[in-house]
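*Asks:* Test case, fold it:
(2 chains)
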There are 2 protein chains.
Amino acid sequence: MTQSLNGEFDYIRDGREIYRRSFAIIREEADLERFSAPEAEIAIRMIHACGLVELAGHIEFGGDAAVVGRRVLQSGMPILCDAEMVDRGITRKRLPADNPVVCTLRDERTPQLAAELGNTRSAAALELWGMQLAGAVVVIGNAPTALFHLLERLEQGALPRPALIVGVPVGFVGARESKQALAESQLGIPFITVHGRMGGSAIASATVNALASAAL
Amino acid sequence: MTQSLNGEFDYIRDGREIYRRSFAIIREEADLERFSAPEAEIAIRMIHACGLVELAGHIEFGGDAAVVGRRVLQSGMPILCDAEMVDRGITRKRLPADNPVVCTLRDERTPQLAAELGNTRSAAALELWGMQLAGAVVVIGNAPTALFHLLERLEQGALPRPALIVGVPVGFVGARESKQALAESQLGIPFITVHGRMGGSAIASATVNALASAAL
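*Replies:* Predicted coordinates for the structure are as follows:
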């Protein structure tokens, strides 16, 4: 690194300029050709969140998700998250209609529900979303079990249908399979996913932030 | 995906078993040979957070950071974070000494400080850490500008010295360079980094959680 005598490095200190250059680099390096313009905007933010242009090859948009997500946020529907990091990563001032952001993982009822269901707390927590699920944006950024459980309960007709599922759990056990199940589902709910092991809370909240920015 | 007639998928629903299998897969697939045993434990958690075993090749531990980090957490020192997602990703119940976790990004003084410094809010926020920095664990999971600014101020002797720097900002502008500056620094402060563009809040908090688990 270039460093001056008084210990200062030579780097860009303007946040907006950093964003502008970052997105330009991603547009130049990432293969975004198969995406529509609104999809590419979201893919760029997802790549930005993980620093890996190769992510582009793993992203799938199902059923006009980019357009649906924007409209749903504009109409003020809630955003339901599986993890507190996802919740915290959603930039409130970008949300177009002061949309509620909900995470029930630490609700006091969740551990007991998990024991009853024989599943993780992440899976159990979504049972507490209740009627808020109807027409909402669901964001699963951490737990494959939450995505599996959501799909099961929707297929059983046991839960109200969300308008969009951002399903990007990360990891080595169940992540790939749960996202494959989302993409192969016959539910007809638009979705955004990252196939394979990659994903996570930062990519999840970046996806919502991208939809929100487009909706402003 | 295998799916039964009532809509249930075949997947592991036990959180501890998911962790156990995930770590076993990472140990099998990731090249961890150049790490000491305590370093490998941390690298495994960092890989787990992003779903990419190739991360191993980019991780660097400087100056016995794995051992120092564990000891510092045991002694109750604070954890100072650049981003709220990092803060939120640190599992409080794992911390060995109820360590304070601090993020000053949304402090009301930060925007004015950023304007005065001519730098980002992320960089300015660390000026508010004050004496808490002495002997602390610093975790930069998001902003290259925060890592650059921290290194500058430490080299100028303008801030108290932390005991450990977890420096894993993510992105396309400044991330690689700021982490290179950390690794090349003559400050003599132990560090953990991920070279290149990859990094981010999930990897950052996973690193702290790994140090905390080892310290319990």
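*Asks:* Just the helices from chain A, written as ranges.
*Replies:* Ranges of helices in chain A, per DSSP state H, are A:15-29, A:37-50, A:65-74, A:84-89, A:110-117, A:121-125, A:144-155, A:175-184, A:201-215.
*Asks:* tell me what the last one is packed against?
*Replies:* The reference is to helix A:201-215. helix A:37-50, helix A:65-74, helix A:84-89, strand A:137-140, strand A:164-167, helix B:84-89, helix B:201-215 (3 or more CB pairs under 8 Å, 6 or more residues apart in numbering or on different chains; DSSP states H and E). Heads up, the C-betas are built off the backbone N, CA and C, glycines and all.
*Asks:* what does the second one give?
*Replies:* Judged by 3+ CB pairs under 8 Å, 6+ apart, helix A:37-50 is in contact with helix A:15-29, strand A:59-62, helix A:65-74, helix A:201-215.
*Asks:* Can you list the low-confidence ranges for chain A?
*Replies:* A:1-2, A:5, A:216 (pLDDT under 70).
*Asks:* Would you tell me which one of the helices and strands packed on helix A:37-50 is buried the most?
*Replies:* helix A:201-215 (a mean of 27; mean count of other CB atoms under 10 Å in any protein chain shown).
*Asks:* Run the chain-centre distance for that helix.
*Replies:* Per CA atoms, centre = their mean, to the nearest Å, the displacement of helix A:201-215 from the mean C-alpha position of its chain is 7 Å.
*Asks:* could you give the angle of that helix to helix B:37-50?
*Replies:* 30 degrees (axes from the mean of the first three to the mean of the last three CA atoms, to 10 degrees).
*Asks:* Residue A:108: neighbour count?
*Replies:* 6 (other CB atoms under 10 Å in any protein chain shown).
*Asks:* what's the neighbour count on residue A:168?
*Replies:* Other residues close to residue A:168 by other CB under 10 Å number 32.
*Asks:* swap that for residue A:10, sorry
*Replies:* There are 10 residues near residue A:10, going by other CB under 10 Å.
*Asks:* So it versus residue A:47, what's the distance?
*Replies:* According to CB to CB, to the nearest Å, residue A:10 stands 25 Å off from residue A:47.
*Asks:* likewise residue A:135?
*Replies:* 29 Å.
*Asks:* More neighbours: the two, which one.
*Replies:* Of the pair residue A:135 and residue A:47, residue A:47 is the one with more neighbours under other CB under 10 Å, namely 28 against 16.
*Asks:* could the helices and strands packed on helix A:201-215 go into CSV alongside distance to residue A:120?
*Replies:* Below are the helices and strands packed on helix A:201-215 laid out as CSV (distance: least, CB to CB, whole Å):
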stretch, distance to residue A:120
helix A:37-50, 24
helix A:65-74, 26
helix A:84-89, 15
strand A:137-140, 12
strand A:164-167, 16
helix B:84-89, 17
helix B:201-215, 17
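*Asks:* Mind checking those for the one nearest to residue B:58?
*Replies:* helix B:201-215 (10.3 Å; CB to CB).
*Asks:* The closest one to helix B:65-74, inter-axis angle?
*Replies:* Using the same axes, to 10 degrees: helix B:201-215 against helix B:65-74 is 70 degrees.
*Asks:* For helix B:201-215, output the C-alpha coordinates as PDB.
*Replies:* C-alpha atoms of helix B:201-215 as PDB (Å, rounded to 0.1, in the frame of the first residue of the first chain):
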ATOM      1  CA  SER B 201     -20.200  -9.100   8.600                       C
ATOM      2  CA  ALA B 202     -21.100 -12.800   8.800                       C
ATOM      3  CA  ILE B 203     -17.400 -13.800   8.500                       C
ATOM      4  CA  ALA B 204     -16.500 -11.100  11.000                       C
ATOM      5  CA  SER B 205     -19.000 -12.200  13.700                       C
ATOM      6  CA  ALA B 206     -18.300 -15.900  13.100                       C
ATOM      7  CA  THR B 207     -14.600 -15.100  13.900                       C
ATOM      8  CA  VAL B 208     -15.500 -13.500  17.200                       C
ATOM      9  CA  ASN B 209     -17.900 -16.400  18.000                       C
ATOM     10  CA  ALA B 210     -15.200 -18.900  17.300                       C
ATOM     11  CA  LEU B 211     -12.800 -17.000  19.600                       C
ATOM     12  CA  ALA B 212     -15.500 -16.800  22.300                       C
ATOM     13  CA  SER B 213     -16.300 -20.500  22.000                       C
ATOM     14  CA  ALA B 214     -12.700 -21.400  22.400                       C
ATOM     15  CA  ALA B 215     -12.500 -19.100  25.500                       C
END
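*Asks:* how many neighbours does the nearest residue in space to residue A:25 that is not next to it in sequence have?
*Replies:* Nearest residue to residue A:25 in three dimensions, chain neighbours excluded: residue B:172, at 4.5 Å (CB to CB, 6 or more residues apart in numbering or on different chains). Neighbour count for residue B:172, taken as other CB under 10 Å: 22.
*Asks:* Between the two ends of stretch A:49-56, how far is it?
*Replies:* 12 Å (CA to CA, to the nearest Å).
*Asks:* Can you list the buried residues in that stretch?
*Replies:* A:49-53, A:55-56 (16 or more other CB atoms under 10 Å in any protein chain shown).
*Asks:* now do stretch A:3-13
*Replies:* A:3, A:8-9, A:11-13.
*Asks:* Pick the one among the buried residues of stretch A:49-56 closest to chain B.
*Replies:* residue A:51 (3.5 Å; CB to the nearest CB).
*Asks:* ok, the closest one - contacts?
*Replies:* Contact analysis of residue A:51 by CB atoms under 8 Å, 6 or more residues apart in numbering or on different chains lists B:170-172, B:175, B:196-200.
*Asks:* For the closest residue to it other than its chain neighbours, give its distance to residue A:49.
*Replies:* Distance criterion CB to CB, 6+ apart; nearest residue to residue A:51, sequence neighbours excluded, is residue B:197 at 3.5 Å. When distance is defined by CB to CB, residue B:197 is 11 Å away from residue A:49.
*Asks:* if we can go back for a sec, test my guess that the residue nearest to residue A:25 contacts residue A:27.
*Replies:* No. With contact taken as CB atoms under 8 Å, residue B:172 and residue A:27 are classed as non-touching, separated by 10.6 Å.
*Asks:* thinking again about what came up before, could you list which of the buried residues of stretch A:3-13 also contact chain B?
*Replies:* The subset of the buried residues of stretch A:3-13 within reach of chain B, by CB under 8 Å from any CB of the partner chain, is A:3, A:8-9, A:11-13.
*Asks:* okay, those residues in TSV with distance to residue B:104 next?
*Replies:* What follows is those, written out as TSV (distance: CB to CB, whole Å):
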residue	distance to residue B:104
A:3	26
A:8	22
A:9	22
A:11	21
A:12	22
A:13	18
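*Asks:* Nearest to residue B:215 among those residues?
*Replies:* residue A:9 (32.4 Å).
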